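Undergrad: coords please:
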Amino acid sequence: MQWLAPADEANLVLDHPGQVNVFLVAGALSRGGFVGDDGGPDLATLRSALSTRIQRLRALRHVPVRVGRRHAWADAPPDLAYHVRLVDRDTVPMTLERRCGELMTVPLAGNRPLWELLLVPGGNGYDAAFILRIHHAIADGMSAVALVHELFDPEEQPTPSANAATRPTGHQQGAGPERHARRIPRKVWFGLQRVLTTIGGRGVSPTMLLGERSEHRGVAFVDADLGALERRAASMGATVNDALLASVAAGFEAALRTGGEAVPTALPVSSPVALRRHGPASNQVGVMLVRLPLAVAGSDDRLRIISAQTHIEKSRAREQGTLELMRGPLGARIMNRIAHRQHVVAGFVTNVPGPAAPLRLAGAPVTAIWPVAVLAANVRLGVAALSYAGRLRCAVHFDAQHVPGTEFAAAMQDELARLVDTAPG
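TA: Residues are numbered from 1 along each chain as shown. This is a model prediction of the structure:
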């Protein structure tokens, strides 16, 4: 057995009733390989194609077991008849988005390896679909993409490794001992500030965006041309992630107006930042706080304001590393106790670089991929984005009983369209 890294064990703590700590990836498939001409999947072919690969992936071959006060990984080869299966044939037909929303309230079996690959009948323009669910204890967004690279095949040419694709730029490596020594007091002070803010910060006024979540989840897919969005952002000295945050700001503004709430000048959200990969932990992300400007005259001003913030906050988050209370299970338990009443952030926004070239799953072309992120603490809406084969694919995950997520997604889509339409060249 192998002990869980502290940050990974913290993610076990965060999985409990009302909060399923699972990263979900949904994808559309077209005919070919294990998907027949009628759209029906040949599960035997799929399982056979995946079995050899899974043998090489330790993350998909073990379960957490309690040893005293800690957890260790125990080897447990997965039963592919269970882990790779069709969705329940008795369920009512539903869109892929709705099915993703419902699955975000269903925990993974704790006595099996913490993942599953579900095959979904076709509809909405695709021949078949898949839903891959991976527990956050075995993968953050970046390592989840790495697992996708291992399980899927490139359609034409090898795709760069996920670690290479997601390695942060501008990271200072090999800083001298004097510079490192000067950083320590600053990191300690900033870390103390982050802990105090996490425990008692009040950056968000009472709003429908925060509160106890219902079991009624919604998911809405949004997408944009990645190249055009990148050109538009670069023309203003911004990044694709800045453009994503700008579109999310438009979504929040529309949702608040629809819900009859006052629109604040700014709304803080939490956004993960890729750290340089090192050590055994599967979860290696920092966090930056971004105050999304809502009451602004136009898209350009919004993008400039966001870019100015992230330029500073991204470097600070990378220097600081993992959020202090997520560096081990004890801190995560403290987070659990206070999270239901936090007013530090109103939402989560995550963006992970994905495969640049199209993929195939056991010979079936993957035409689209959407990530769906966890709703944690008392937050009722989050956005996840993944670049794939020239498109930025996003999913809005929301509490459908309390938040007008459909209006949020529509406004977000409109803002991305405006940014793409004004892209140079």
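
Undergrad: contacts and neighbour counts: CA atoms only from here.
TA: Will do.

Undergrad: Skip the chain neighbours and tell me the closest residue to residue 330.
TA: Nearest residue to residue 330, sequence neighbours excluded (Cα to Cα, 6 or more residues apart in numbering): residue 10, at 7.6 Å.

Undergrad: Am I right that that neighbour is in contact with residue 328?
TA: Yes. Taking contacts as Cα atoms under 8 Å, residue 10 lies within contact range of residue 328: 5.0 Å.

Undergrad: higher neighbour count, these two?
TA: Between residue 10 and residue 328, counted using other Cα atoms under 10 Å, the more crowded position is residue 10 (24 against 18).

Undergrad: Can you pull out the residues in contact with the host helix or strand of that one?
TA: Element membership of residue 10 [criterion: DSSP states H and E] is helix 6-13. Contacts to helix 6-13, defined as Cα atoms under 8 Å, 6 or more residues apart in numbering, come from residues 21, 71, 136-138, 281-284, 326-333.

Undergrad: now what about the helix or strand containing residue 292, what contacts it?
TA: According to DSSP H and E, residue 292 maps onto strand 285-293. With Cα under 8 Å, 6+ apart as the contact definition, strand 285-293 has outside contacts at 140, 245-246, 249, 265-275, 302, 305-306, 309-310, 313-314, 316-318, 320-323, 345.

Undergrad: Return the members of those residues classed as buried.
TA: Among these, those classed as buried by 16 or more other Cα atoms under 10 Å are 140, 245-246, 249, 266-275, 302, 305-306, 309-310, 313-314, 316-318, 320-323, 345.

Undergrad: Take these and keep only those in helices.
TA: Applying DSSP state H to the buried ones among the contacts of strand 285-293, the entries found in helices are 245-246, 249, 302, 305-306, 309-310, 313-314, 316-318, 320.

Undergrad: Dump these into JSON lines; add distance to residue 398 and pLDDT as well.
TA: Output for those, formatted as JSON lines (distance: Cα to Cα, whole Å; pLDDT from 0 to 100):
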{"residue": "245", "distance to residue 398": "17", "pLDDT": "97"}
{"residue": "246", "distance to residue 398": "18", "pLDDT": "97"}
{"residue": "249", "distance to residue 398": "15", "pLDDT": "97"}
{"residue": "302", "distance to residue 398": "23", "pLDDT": "94"}
{"residue": "305", "distance to residue 398": "26", "pLDDT": "95"}
{"residue": "306", "distance to residue 398": "23", "pLDDT": "97"}
{"residue": "309", "distance to residue 398": "26", "pLDDT": "96"}
{"residue": "310", "distance to residue 398": "25", "pLDDT": "95"}
{"residue": "313", "distance to residue 398": "26", "pLDDT": "91"}
{"residue": "314", "distance to residue 398": "26", "pLDDT": "91"}
{"residue": "316", "distance to residue 398": "29", "pLDDT": "87"}
{"residue": "317", "distance to residue 398": "26", "pLDDT": "86"}
{"residue": "318", "distance to residue 398": "28", "pLDDT": "86"}
{"residue": "320", "distance to residue 398": "30", "pLDDT": "81"}
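
Undergrad: Check these and tell me the two furthest apart.
TA: Largest separation among those by Cα to Cα: 302 and 320, giving 26.6 Å.

Undergrad: any chance you could map the helices in the stretch 301-425 of the chain?
TA: With DSSP state H, counting those that start in this stretch applied, the stretch 301-425 of the chain shows helices at 329-339, 405-421, listed in chain order.

Undergrad: Helix 6-13 and the shortest one, what's the angle between them?
TA: Put simply, helix 329-339 runs at 40 degrees to helix 6-13, going by axes from the mean of the first three to the mean of the last three Cα atoms, to 10 degrees.

Undergrad: tell me the average confidence for helix 329-339?
TA: Mean per-residue pLDDT for helix 329-339: 85.

Undergrad: Show me what it is in contact with.
TA: Here helix 329-339 has contacts from 6-7, 9-14, 199, 324-326, 377-378, using Cα under 8 Å, 6+ apart.
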